[in-house]
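Participant: The following comprises the amino acid sequence and a computationally predicted model.
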Protein chains: 2
Amino acid sequence: MSENVGRWLRDEIENSILSNEFSPGERLDETVLATRFGVSRTPVREALMQLDAIGLIEIRPRRGAIVIDPGPHRVYEMFEVMAELEGLAGSLAARRLDEASREAITATHSRCQQSAAAGDSDAYYYDNEEFHKAIYAAGRSDFLEEQCLQLHRRLRPYRRLQLRVRNRLSTSFSEHCAIVDAIFAGDGDAARGLLRGHVGIQGERFSDLVASMAAR
Amino acid sequence: MSENVGRWLRDEIENSILSNEFSPGERLDETVLATRFGVSRTPVREALMQLDAIGLIEIRPRRGAIVIDPGPHRVYEMFEVMAELEGLAGSLAARRLDEASREAITATHSRCQQSAAAGDSDAYYYDNEEFHKAIYAAGRSDFLEEQCLQLHRRLRPYRRLQLRVRNRLSTSFSEHCAIVDAIFAGDGDAARGLLRGHVGIQGERFSDLVASMAAR
DNA sequence: GTCAACAATCGTGTATACAAGAATAGCATT
DNA sequence: AATGCTATTCTTGTATACACGATTGTTGAC
């Protein structure tokens, strides 16, 4: 547990939302949360205010907090921005690559290879995250890295849904290969384009997403 | 004043920070703020938590809140991301332009022309903001628009500093012209590239920024 | 004279009490 | 029976009280 209850609650509730324990549209009652976590309403309120500021919930004055439901279209927009940011990170990584980042990317990439070969979708889900985080870090822009990590978190549930789509696993890995090649070759523009394509969800992948969102 | 004191305070303190009334590194004492605004500590704390979540201040547990000092390098990184996001907005705008957005861009653009011609740097500062906001809106992506607006806000003080640089006003406006042409021509890639160049601060413009930041 | 330890003070973190607005249910009236 | 009004209840918003940790100042020892 974090140093103060407020932050701990924020993380706790945030996770509950991102893992769909609190469904979109659901009302978050301060008193209920307070008793549930065995604290007073004060830290609960502070956690909620932060989640509101981040954009995970909406606090309607005098009417309580509800979990925001992004809806397919907004999720698409979020992936669109994510693709752009990752593209930037990739292009920076290609230009600024140092030994440590190179090793981190290689390591996570080969772990992806293993889980892809094993067809282990859960393992790949985790390794894939680490691979992308290695690229964010390799970009050597603290601000960009933070923005990427934040959006990455918010998109986590939908990414998980996506991996369930047939063949997505091997497709994803071969895209990773091309990305790694571009970055290691120092080709920023190529890395940017490949990452944009890899992260963005166009065409039928969007309908896959909509379908899997509706299926929950 | 907003519906509840907490939000009002958040906006109030946020503005005070962005307008440099609270300098970076300054300690924000809850009690002092509470008495200053004539409220209790509770809404002050809620406002501070939100500003912490946004990234404007840092709350160190049991040690109070301080205004974050981005420092030249981090500001550069923020402009880098801003450039990327605006580039995306521009490319979307070029593809999705409708009549209303076209008119909004035209209107704000011509207002920029007037203040640039008049050499009125303060007026240009304002009109420039509206011009960029018109492009965000024209992209027709709510999420992207929100992200752009938020970053735009945070970069506001530095943008103002930049305009003080010699000749920046007319240079800026001629760049606007090219951007408008590209968007109206439906050339997304061109719009993206031009906006990236317009917003980003490379080369000597970065040293201009550092110099003006140090001069404060 | 300097450094360390202890005490006092100040400020944050949490709980609780109180006030005010929103939702709801019951009653009356048409 | 349906609709509108009122009263009650429930939840949020704000204030205040209390506790605990951090900071700082003072005193004593080396």
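Facilitator: Done, it's in. Residues are numbered from 1 along each chain as shown, chains lettered A, B, ... in the order given.

Participant: residues touching the residue nearest to A:R160 when sequence neighbours are not counted, list them.
Facilitator: Closest residue to A:R160 apart from its sequence neighbours, by Cβ to Cβ, 6 or more residues apart in numbering or on different chains: A:Y125 at 6.0 Å. In this view, the C-beta of every residue, glycine as well, is placed from N, C-alpha and C. Residues near A:Y125 by Cβ atoms under 8 Å, 6 or more residues apart in numbering or on different chains: A:159-160, A:163.

Participant: A:L163 versus A:Y125, what's the distance?
Facilitator: According to Cβ to Cβ, to the nearest Å, A:Y125 and A:L163 sit 6 Å apart.

Participant: and stretch A:189-204, does that touch chain B?
Facilitator: No: counting by Cβ under 8 Å from any Cβ of the partner chain, chain B is not contacted by stretch A:189-204; separation bottoms out at 9.6 Å.

Participant: can you list contacts of that stretch?
Facilitator: Outside stretch A:189-204, the residues touching it (Cβ under 8 Å, 6+ apart) are A:76, A:79-80, A:82-84, A:86-91, A:93-94, A:135, A:162, A:172, A:175-176, A:178-179, A:182-183, A:208-209.

Participant: What residues sit buried inside that stretch?
Facilitator: For stretch A:189-204, burial by neighbour count (16 or more other Cβ atoms under 10 Å in any protein chain shown) applies to A:190-196, A:198-201.

Participant: swap in stretch A:58-70?
Facilitator: Of the residues in stretch A:58-70, those buried (16+ other Cβ under 10 Å) are A:59, A:65-68, A:70.

Participant: following the helix ranked longest in chain A, which helix or strand comes up?
Facilitator: The longest helix of chain A (DSSP state H) is helix A:71-96. Where DSSP states H and E defines the elements, the next helix or strand beyond helix A:71-96 is helix A:99-118.

Participant: Kindly spell out which helices and strands sit in contact with that following helix.
Facilitator: For helix A:99-118, the packing partners by 3 or more Cβ pairs under 8 Å, 6 or more residues apart in numbering or on different chains; DSSP states H and E come out as helix A:121-138, helix A:168-184.

Participant: what's the angle from it to helix A:121-138?
Facilitator: 160 degrees (axes from the mean of the first three to the mean of the last three Cα atoms, to 10 degrees).

Participant: Just the buried positions in helix A:99-118, please.
Facilitator: The neighbour-count criterion (16+ other Cβ under 10 Å) identifies A:101-102, A:104-105, A:108-109, A:111-112, A:115-116 as the buried residues of helix A:99-118.

Participant: Dump those residues to TSV, plus pLDDT.
Facilitator: Shown next, in TSV, are those (pLDDT from 0 to 100):
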residue	pLDDT
A:S101	97
A:R102	98
A:A104	98
A:I105	98
A:T108	98
A:H109	98
A:R111	97
A:C112	97
A:S115	95
A:A116	94
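
Participant: Close to DNA strand D as well: tell me which of these qualify.
Facilitator: For DNA strand D, no contacts are drawn from these by Cβ under 7 Å from any atom of the strand.

Participant: Just put the buried residues of stretch A:58-70 in a markdown table and tack on secondary structure, pLDDT and distance to A:S23.
Facilitator: Formatted as a markdown table, the buried residues of stretch A:58-70 follow (DSSP: H, G, I helix; E, B strand; the rest coil; pLDDT from 0 to 100; distance: Cβ to Cβ, whole Å):
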| residue | secondary structure | pLDDT | distance to A:S23 |
| --- | --- | --- | --- |
| A:I59 | strand | 96 | 17 |
| A:A65 | strand | 96 | 14 |
| A:I66 | strand | 97 | 10 |
| A:V67 | strand | 97 | 7 |
| A:I68 | coil | 96 | 11 |
| A:P70 | coil | 93 | 12 |
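
Participant: from the buried residues of stretch A:189-204, which single one is nearest A:E145?
Facilitator: Checking the buried residues of stretch A:189-204 against A:E145 with Cβ to Cβ, the nearest one is A:L195 at 14.3 Å.

Participant: interface residues of chain A facing DNA strand D?
Facilitator: Counting by Cβ under 7 Å from any atom of the strand, chain A sits next to DNA strand D at A:27-31, A:41-42, A:45, A:59, A:61-65.

Participant: how about a cut-off of 6 Å?
Facilitator: By Cβ under 6 Å from any atom of the strand, the residues of chain A that approach DNA strand D are A:29-31, A:42, A:61-62, A:64.

Participant: Inside helices: which ones of the residues you listed?
Facilitator: A:30-31, A:42.

Participant: rewinding a little: which two from the buried residues of stretch A:58-70 end up farthest apart in space?
Facilitator: Greatest spacing in those, by Cβ to Cβ: A:I59 and A:P70 (16.9 Å).

Participant: Enumerate the residues of chain A near DNA strand C.
Facilitator: A:4-6, A:39-43, A:62-63.

Participant: Let's have these in JSON lines, adding pLDDT.
Facilitator: Formatted as JSON lines, the residues of chain A next to DNA strand C follow (pLDDT from 0 to 100):
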{"residue": "A:N4", "pLDDT": "85"}
{"residue": "A:V5", "pLDDT": "92"}
{"residue": "A:G6", "pLDDT": "92"}
{"residue": "A:V39", "pLDDT": "96"}
{"residue": "A:S40", "pLDDT": "97"}
{"residue": "A:R41", "pLDDT": "97"}
{"residue": "A:T42", "pLDDT": "97"}
{"residue": "A:P43", "pLDDT": "97"}
{"residue": "A:R62", "pLDDT": "92"}
{"residue": "A:R63", "pLDDT": "93"}
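
Participant: Neighbour-wise, which one of the residues you listed leads?
Facilitator: Tallying neighbours with other Cβ atoms under 10 Å in any protein chain shown puts A:G6 at the head of the residues of chain A next to DNA strand C, with 23 neighbours.

Participant: okay, and for chain A, where does confidence drop off?
Facilitator: Chain A contains residues with pLDDT under 70 at A:1-2, A:203, A:216.

Participant: Name the nearest residue to A:S121, ignoring sequence neighbours.
Facilitator: Spatially, and ignoring its direct neighbours in sequence, A:S121 is nearest to A:L163 (5.5 Å; Cβ to Cβ, 6+ apart).

Participant: Next, find the distance separating the residue nearest the centre of chain A from A:I68.
Facilitator: Nearest to the geometric centre of chain A sits A:H152, at 2.1 Å (Cα atoms, centre = their mean). Using Cβ to Cβ, we find A:H152 at a distance of 18 Å from A:I68.

Participant: now A:S40
Facilitator: Where A:I68 is concerned, A:S40 sits at a distance of 25 Å (Cβ to Cβ).

Participant: how close does A:I105 get to A:S170?
Facilitator: From A:I105 to A:S170 the distance is 20 Å (Cβ to Cβ).
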